[in-house]
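Chemist: Attaching a predicted model along with its sequence, questions to come.
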Amino acid sequence: MHYFFEYPLTFLKIFIIIIIESERGKHTEREVIVMTNKTLVFDMDGTIADLYGVEGWLDDLHNENTRPYAVAKPLYDMEVLNTLVNELKACGWRIVVNTWLAKNATKTYDDAVRTTKKEWLAKWGFPYDEIHLTKYGKTKANATRHLGGYQILVDDNATIRKGWTLGNTIDANEDIIIALMELLINE
């Protein structure tokens, strides 16, 4: 017998499944709690887009040229990454892109970078539910805190990962495909 009860809580929606199992003629009850408010937060530059591999990227940013954001190659096979992300979405994960704009940029350049980064995501078909393109140096957790629940940050910057307070982190300097596969297996 399986019973299913749903209890919404403040920031988390938790399903409690009570499973009655037969164990050598005895019945036992076990509660399994599954969080459904779970979010994967992806950085872009150096995480999924190879901005730092673009020749002259830093000079271009200082000259307020969006070229490096537009021509950056993906760091992963995007067909594989997008398939994994879509599978995680199907398991209830919300996908958020949380990326900084260029350091010391004008408003005009910030707007151009916002447009170019969104175009890059569209070009490579990266599936996301929400995007935050924020001023350089802003605490990334502040941009997604309102989502509540359990959040995993995927980022190449160790300082950013160390300051993440909303859940776990995945080091994008390692193979994020493996980390995402492990996350999917644990679903």
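Modeler: It's in. The model shown is predicted, which means the values in this text are computed figures rather than measured ones.

Chemist: What ranges does this structure have for its helices?
Modeler: Counting by DSSP state H, the chain has helices at residues 57-62, 67-71, 78-90, 107-123, 140-144, 158-162, 176-185.

Chemist: Which of the ones you listed sits closest to residue 98?
Modeler: Closest to residue 98 of the helices of the chain is helix 140-144 (C-beta to C-beta; 5.1 Å). Where you see a C-beta, it was placed from the backbone N, CA and C, and this is true even at glycine.

Chemist: Just give the closest residue to residue 76, not the sequence neighbours.
Modeler: Closest residue to residue 76 apart from its sequence neighbours, by C-beta to C-beta, 6 or more residues apart in numbering: residue 177 at 6.0 Å.

Chemist: got it, and residue 84?
Modeler: residue 180 (4.6 Å).

Chemist: The one you found and residue 107, how far apart?
Modeler: 35 Å (C-beta to C-beta, to the nearest Å).

Chemist: Compare the helices of the chain and give me the one nearest residue 100.
Modeler: Nearest of these (C-beta to C-beta): helix 140-144, 8.1 Å.

Chemist: How many residues are close by residue 164?
Modeler: 18 (other C-beta atoms under 10 Å).

Chemist: Tell me which residue lies nearest the centroid of this structure.
Modeler: In the chain, the residue lying closest to the centroid (C-alpha atoms, centre = their mean) is residue 41, at 2.2 Å.

Chemist: Show me what that one is bridged to.
Modeler: Taking DSSP bridges, one finds residue 96, residue 153 as the beta-bridge partners of residue 41.

Chemist: Is it in contact with residue 153, as I believe?
Modeler: Yes. Using C-beta atoms under 8 Å, residue 41 is in contact with residue 153, at 4.8 Å.

Chemist: list residues touching both of the two?
Modeler: Shared contacts of residue 41 and residue 153, defined by C-beta atoms under 8 Å, 6 or more residues apart in numbering, comprise 98, 140.

Chemist: So the closest residue to residue 85 other than its chain neighbours versus residue 86, what's the distance?
Modeler: Of all residues not flanking residue 85 in the chain, residue 127 sits nearest, at 5.3 Å (C-beta to C-beta, 6+ apart). Remark: distance between residue 127 and residue 86 (C-beta to C-beta) = 5 Å.
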